[in-house]
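In: sequence and predicted model, in that order:
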Amino acid sequence: DEGISDGKKYLSAAPDVVCYAKGSMQTEMFPLAVIFFCVYAVGFPILLGIILFNKENTKLMQEDQVLRAKGIGDTRAENPNAYEVRKKYSKLYYRFKPDQHYW
């Protein structure tokens, strides 16, 4: 171990900055980091679940997948029911089989 041996941890990019010091930017940002981690790690999957498992969306996604398998449905005329769903959510399900749009 090289460096100062006073029991404190220092930022390697700026050795004059003590880590975890009371009132430091690191300790002030920690609650925000926890909040954003929870939003990203918990909230985003919940949002995807709500979108993918909504009964109306599920029906429309399956219809769109069948049309996509046939090579049609890129226009509103070819895909009158599920066109909007394709435009909004197709990146979430386009690689999956129609009966497994969520997997």
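Out: Here it is on my side, so go on. Residues are numbered from 1 along each chain as shown.

In: before we move on, what SS does the closest residue to residue 72 other than its chain neighbours have?
Out: Using Cβ to Cβ, 6 or more residues apart in numbering and skipping residues adjacent in sequence, the residue nearest residue 72 is residue 78, 4.7 Å away. Placement of C-beta: from N, CA and C, glycine included. Secondary structure for residue 78, judged by DSSP: H, G, I helix; E, B strand; the rest coil, is coil.

In: residue 78: neighbour count?
Out: Applying other Cβ atoms under 10 Å, we find 12 other residues in the vicinity of residue 78.

In: for the residue nearest to the spatial centre of the chain, helix, strand, or coil?
Out: Central residue check for the chain by Cα atoms, centre = their mean: the C-alpha nearest the mean position is that of residue 44, 4.7 Å away. Three-state secondary structure (criterion: three-state DSSP) places residue 44 in helix.

In: against residue 54, how distant is it?
Out: Using Cβ to Cβ, to the nearest Å, one gets 16 Å for the distance from residue 44 to residue 54.

In: cool, and residue 87?
Out: In this structure, residue 87 and residue 54 are 16 Å apart, going by Cβ to Cβ.
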